[in-house]
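Enquirer: Give me a model of this one.
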Amino acid sequence: MTFSWQKGHGTENDFVLLPDHDGTVHGDLDPSFVAALCHRRRGIGADGVLRVIRSSAAGVTSEAEWFMDYRNADGSISEMCGNGVRVFARHLLDEKLVDTDRFAVATRDGDKLVSVGADGQIAVDMGAFSIGGYSEVRTSEGLAVTAREVHTGNPHAVAFVDDVEQAGTLLTEPRFDREVYPEGVNIEFVARRGPGHVRMRVHERGSGETRSCGTGACAVGIATALADGDTARPTEYRIDVPGGTVHVTLDENDHVVLTGPAEIVARGEMEWMA
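Expert: Got it, this is the predicted structure:
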């Protein structure tokens, strides 16, 4: 099989994009194929795969023409990816698959409204969120902290620490309460840097530590507002991640909006021999 691919990133959270507009190239996207593409020594290398497919071809009921079929680096399916949807939107814009700077993208977490600013930054209305209680997470190096449950399309456990380096190497998944998170969880370690400004690191389920996580940044913004008792709307937080900076806004409708950069950095053709 020979197929086209592109490579993009949002604050260094990187993805392989697979244009498959009518769903005739990649079928059901075998998990082993996705994992091989994402392998950083044997494949192209990425934190995940974004298949670019029409909603109708994917069997998705949506007013949005394009569906973001997102897979984690291990091939597992994920509901949503905040950095991924910005990279997906950048691809649609660059390839002229949309003709406006404001459009919707279909995802497994519903349609997400995208808008492009004059500075090229891409904002995504990630929609409503939900919050839960507290549970413990523990790193393999012995750090045990209390984390807040936040759902922003994906499940997150947000833990505040004095310094994000306390999380250690994050080479292995921290332990968490599987009764609270039966389908796994993304775990964020957060340190304050000033008013409305925090730094975070994240271990993503199915991918390991990544340079950035969009839904995780949203969860961090929400958890920080809760911890601060900040009920004003809109309110904005700057979130520094290892790969750069994104901004999270809680708007008047209590939706969370993620704004940040996205770019396509490479493209090519690949022959795959199963």
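
Enquirer: any idea which residue sits dead centre in the chain?
Expert: Here the mean C-alpha position of the chain is nearest to the C-alpha of C81 (C-alpha atoms, centre = their mean), at a distance of 2.8 Å.

Enquirer: okay, now the domains of this structure?
Expert: 2-127+262-271, 130-254 (automatic domain parsing).

Enquirer: CSV for those domains, including mean pLDDT?
Expert: Compiled in CSV, the domains of the chain are given as follows (pLDDT from 0 to 100):
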stretch, mean pLDDT
domain 2-127+262-271, 96
domain 130-254, 96
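
Enquirer: and A219, what does it touch?
Expert: The neighbours of A219, taking C-beta atoms under 8 Å, 6 or more residues apart in numbering as the test, are F129, V150, H151, T152, H156, V158, N186, E188. C-beta here means a position set from N, CA and C on the backbone, and glycine is covered the same way.

Enquirer: how close does it get to E209?
Expert: The gap separating A219 from E209 is 16 Å, by C-beta to C-beta, to the nearest Å.

Enquirer: try L50
Expert: 20 Å.

Enquirer: Bridging across strands, which residues link to the residue lying closest to D94 once chain neighbours are set aside?
Expert: In space, D94 comes closest to I264 once its chain neighbours are excluded; the distance is 5.9 Å by C-beta to C-beta, 6 or more residues apart in numbering. Per DSSP bridges, the residues bridged to I264 are G8.

Enquirer: Could you verify my assumption that I264 touches F88?
Expert: No. Counting by C-beta atoms under 8 Å, I264 stays clear of F88, with 10.4 Å between them.

Enquirer: Name the residues contacting each of those two.
Expert: Between them, I264 and F88 share the contacting residues L17, judged by C-beta under 8 Å, 6+ apart.

Enquirer: Strands along the stretch 151-274 of the chain, start to end?
Expert: For the stretch 151-274 of the chain, the strands defined by DSSP state E, counting those that start in this stretch occupy 155-160, 186-194, 197-204, 208-210, 235-241, 244-250, 256-260, 263-271.

Enquirer: deepest of the ones you listed, which one?
Expert: Among the strands of the stretch 151-274 of the chain, judged by mean count of other C-beta atoms under 10 Å, the one packed with the most neighbours on average is strand 155-160 (a mean of 26).

Enquirer: Direction included, what does that strand pair up with?
Expert: Take DSSP bridges as the rule and strand 155-160 pairs in its sheet with strand 144-151 (antiparallel), strand 186-194 (parallel).

Enquirer: For it, output the C-alpha coordinates as PDB.
Expert: Extracted C-alpha coordinates of strand 155-160, given in PDB (Å, rounded to 0.1, in the frame of the first residue of the first chain):
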ATOM      1  CA  PRO A 155     -10.600  12.300  31.300                       C
ATOM      2  CA  HIS A 156      -7.900  14.200  33.200                       C
ATOM      3  CA  ALA A 157      -6.500  14.100  36.700                       C
ATOM      4  CA  VAL A 158      -5.000  17.500  37.600                       C
ATOM      5  CA  ALA A 159      -2.400  17.600  40.400                       C
ATOM      6  CA  PHE A 160      -0.800  20.800  41.800                       C
END
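
Enquirer: Doesn't D22 lie inside a strand?
Expert: No. The assignment for D22 is coil, going by DSSP: H, G, I helix; E, B strand; the rest coil, so no strand is present there.
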